[in-house]
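Compute the structure for the input listed below.
(4 chains)
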There are 2 protein chains.
Amino acid sequence: MSQPKKMNIPLVAPIKCSQCPIRHRAVCARCDDDELILLESMKTYRSFAAGDVILWRGEPLEFVASVVSGVATLSKTMEDGRTQMVGLLLPSDFIGRPGREQIDFDVTATVDVTLCCFDRTRFEKLVNETPHIAQRLMELALDELDAARDWMLLLGRKTAREKIATFIEMLARRSSHGLDGSSDVIDLHMTRDQIANYLGLTLETVSRQFSAFKKDGVIGFTDRKHFTVEDMAALQEETGDDADGGVVY
Amino acid sequence: MSQPKKMNIPLVAPIKCSQCPIRHRAVCARCDDDELILLESMKTYRSFAAGDVILWRGEPLEFVASVVSGVATLSKTMEDGRTQMVGLLLPSDFIGRPGREQIDFDVTATVDVTLCCFDRTRFEKLVNETPHIAQRLMELALDELDAARDWMLLLGRKTAREKIATFIEMLARRSSHGLDGSSDVIDLHMTRDQIANYLGLTLETVSRQFSAFKKDGVIGFTDRKHFTVEDMAALQEETGDDADGGVVY
DNA sequence: AATTTGCCTTGATACAGATCAAAGAATCAT
DNA sequence: ATGATTCTTTGATCTGTATCAAGGCAAATT
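Numbering: from 1, shown residues only, chains lettered A, B, ... in the order given. Okay, here's the model as predicted:
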């Protein structure tokens, strides 16, 4: 009954742009109705199971895409196997870049992922003709750049404890549904090993720091993949980040 | 005769866009003659001495700019003083982003810098009206993003020796004037401390690794700020990067 | 139910790089 | 020139995190 994991049926029937959950945040955010009709005719949906590689480094890039649902990661691997995640793609984030026919990292689905794909060369043409899209793509790229820079500070200067605190705080912020009601159960989609690759640590250190925060009453685990934040103020304090935006009076 | 360091005369007479050294690579790369005339009427030049802070984190952003000459760095500092450089700006690189009125890092001139500045709000308007510029800005952002991701791998996973090798190799590649004639003298514009902040190390470790590479005959110092690469192959090997682009056959 | 497999935790130990310290160049100011 | 300051090197020691190793738990498979 269950499908074999690597079965190759990535294509899925797309939903209407007008009903698309990422309509107002993705690369198409600024498009008017005419432009949407055009995009609608170009797009195809593809799905990937958790763990599947979406794109290999160096592989010719046939399509660019927006993440519709799920989470994907960008990662780089050294010859001896050391790997570092260099990006996290959430719904509305964009994969690929116009003007380059390959990428320099692997893209992997960490949970089931659905992508809204466009043929790369056709999309490039569209970018050149459609200012809205180029502008939105610019904004998305600049947002990712901001995130990458925060991550560089984390990787270069934060201690293991600060890294884990920052990571937990990020998850807490993301999964709080608008409100900052703290004691929701947070899902830790990734394995300890993936978290380690994200934070520039080993999986053992990740495990130890989680245990330490649990012992200190900052978080509580309901099971290995789910936890609650018990003391948000303490967590914030441990991240090493400024409480405010860094504005000094 | 010499001017006091902090004297506030940043404004300088701009040169013509048509003669501008970064004309074909900066944000204005794709602009046609009409657009250039418009930009010409908007732009002002500002100069900063080595060591000057160009923009403070959180400060309201009055202008955006292209680097015309010199080198500037982007850096983030934690409350306790730990700092991490998160970007290096070379001629043609862009400072600031349309749609945001402050930035989350400090921008500092490491050597004397000249900027081609545009009033931020006027520039934003121009971006909205001029697809060329949004496209070019997107490309610049994506290039920076690629660089940031390489840097994340370095910060998260490379050893001190690999970090220094990567840094030296980058300088060597940049300062080789087109040719790969190796034994040019390379200028190490930055202090050991700045290099440490760039690589996520301490200045002592930077110094030790330089000494180690010198002892191993990989590089030779002519003075503390100038060196030559004696063994490029060995240097490449030490970076930990794939020799090729990662293409496996 | 028993077994396998993958993931996680915890302990013991090693080591790379940080920290502390001091002295040696180079640059700057007088 | 002379002294002051800043930057750099090198040494000694410490420590946070990696590494090595073993066992535990839970889900998947038989």
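
Would you mind listing what in chain A touches DNA strand D?
Within chain A, the residues that sit near DNA strand D (C-beta under 7 Å from any atom of the strand) are A:159-161, A:200-202, A:204-205, A:223-224. The C-beta positions use only the backbone N, C-alpha and C, and glycine is treated the same way.

Walk me through the domains of chain A.
Segmentation of chain A into domains, based on automatic domain parsing, reads A:11-155, A:159-238.

Out of those, which one sits most buried?
Highest mean neighbour count of the domains of chain A: domain A:11-155, a mean of 18 (counted as mean count of other C-beta atoms under 10 Å in any protein chain shown).

hmm, it in reach of chain B?
Yes: Domain A:11-155 reaches chain B (C-beta under 8 Å from any C-beta of the partner chain) through A:57-58, A:74, A:76, A:78-80, A:82-84, A:86-87, A:97, A:99-100, A:104-105, A:127-128, A:131, A:134-135, A:137-139, A:141-142, A:144-146, A:148-153, A:155.

Does DNA strand C have contacts with the longest helix seen in chain A?
When chain A is parsed with DSSP state H, its longest helix is helix A:131-157. No: interface with DNA strand C: helix A:131-157 contributes nothing (C-beta under 7 Å from any atom of the strand), its closest point being 8.9 Å away.

Quick one: distance of that helix to the chain centre.
12 Å (C-alpha atoms, centre = their mean, to the nearest Å).

average model confidence for the helix or strand following it?
Using DSSP states H and E, the next helix or strand after helix A:131-157 towards the C-terminus is helix A:160-175. Average pLDDT, helix A:160-175: 95.

same deal with stretch A:214-231?
On average, the pLDDT along stretch A:214-231 is 95.

ditto for stretch A:110-127
On average, stretch A:110-127 scores 94.

Is DNA strand C within reach of it?
No: taking C-beta under 7 Å from any atom of the strand as the criterion, stretch A:110-127 and DNA strand C are apart, separated by no less than 11.2 Å.

tell me how far the ends of that stretch are from each other?
End-to-end distance of stretch A:110-127 (C-alpha to C-alpha, to the nearest Å): 29 Å.

That stretch: how far from the chain's middle?
In terms of C-alpha atoms, centre = their mean, the centre of stretch A:110-127 is set 16 Å apart from its chain centre.

what do you get for stretch A:191-198?
The answer for stretch A:191-198 is 14 Å, by C-alpha atoms, centre = their mean.

returning to what we had before: could you dump the domains of chain A to TSV with distance to B:Ala243?
As requested, those are arranged in TSV below (distance: least, C-beta to C-beta, whole Å):
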stretch	distance to B:Ala243
domain A:11-155	9
domain A:159-238	23
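
wait, which of these is closest to B:Ala233?
Among these, the nearest to B:Ala233 by C-beta to C-beta is domain A:11-155 (16.0 Å).

Looking at the residues of chain A next to DNA strand D, which is nearest chain B?
Of all those, chain B sits closest to A:Gly200, with 3.1 Å by C-beta to the nearest C-beta.

And that closest one, what's its pLDDT?
For A:Gly200, the model assigns a pLDDT of 98.

Contacts only, for it.
Counting by C-beta atoms under 8 Å, 6 or more residues apart in numbering or on different chains, A:Gly200 touches A:84, A:154-155, A:163, B:155-157.

and the gap between it and A:Lys158?
Going from A:Gly200 to A:Lys158 by C-beta to C-beta, to the nearest Å gives 9 Å.

Looking at the residues of chain A next to DNA strand D, which are in strands?
Those of the residues of chain A next to DNA strand D mapping onto strands are A:Asp223, per DSSP state E.

quick one: which of the residues of chain A next to DNA strand D is nearest B:Asp231?
Lowest distance from B:Asp231 to these (C-beta to C-beta) belongs to A:Gly200, with 29.4 Å.

Over to that closest one: give its phi and psi.
Here the main-chain torsion angles of A:Gly200 (degrees, to the nearest 10) amount to phi 70, psi 40.

can you pull up the bridge partners for A:Val64?
A:Phe118 (DSSP bridges).

how about the helices of chain A, start to end?
Under DSSP H, chain A gives helices at A:33-42, A:120-129, A:131-157, A:160-175, A:192-199, A:203-215, A:232-238.

in chain A, which helix or strand is least confident?
Every helix and strand of chain A was ranked by mean pLDDT, DSSP states H and E. The lowest is strand A:11-12, at a mean of 68.

for chain A, which spans come out with low pLDDT?
A:1-11, A:177-183, A:244-249 (pLDDT under 70).

ok, which residues in it are in contact with DNA strand C?
Within chain A, the residues that sit near DNA strand C (C-beta under 7 Å from any atom of the strand) are A:191-193, A:203-204, A:206-208, A:210-211, A:221, A:224-225.

Using TSV, please lay out those together with distance to chain B.
Below are the residues of chain A next to DNA strand C laid out as TSV (distance: C-beta to the nearest C-beta, whole Å):
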residue	distance to chain B
A:Thr191	17
A:Arg192	16
A:Asp193	14
A:Leu203	14
A:Glu204	16
A:Val206	13
A:Ser207	18
A:Arg208	18
A:Phe210	19
A:Ser211	22
A:Phe221	26
A:Arg224	24
A:Lys225	23
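
so A:Gly58 touches A:Gln102, yeah?
Yes: A:Gly58 is within contact range of A:Gln102, at 5.5 Å (criterion: C-beta atoms under 8 Å).

In a markdown table, list the contacts of A:Gly200 along with distance to B:Lys215.
Formatted as a markdown table, the contacts of A:Gly200 follow (distance: C-beta to C-beta, whole Å):
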| residue | distance to B:Lys215 |
| --- | --- |
| A:Gln84 | 29 |
| A:Leu154 | 33 |
| A:Leu155 | 29 |
| A:Lys163 | 34 |
| B:Leu155 | 26 |
| B:Gly156 | 28 |
| B:Arg157 | 25 |
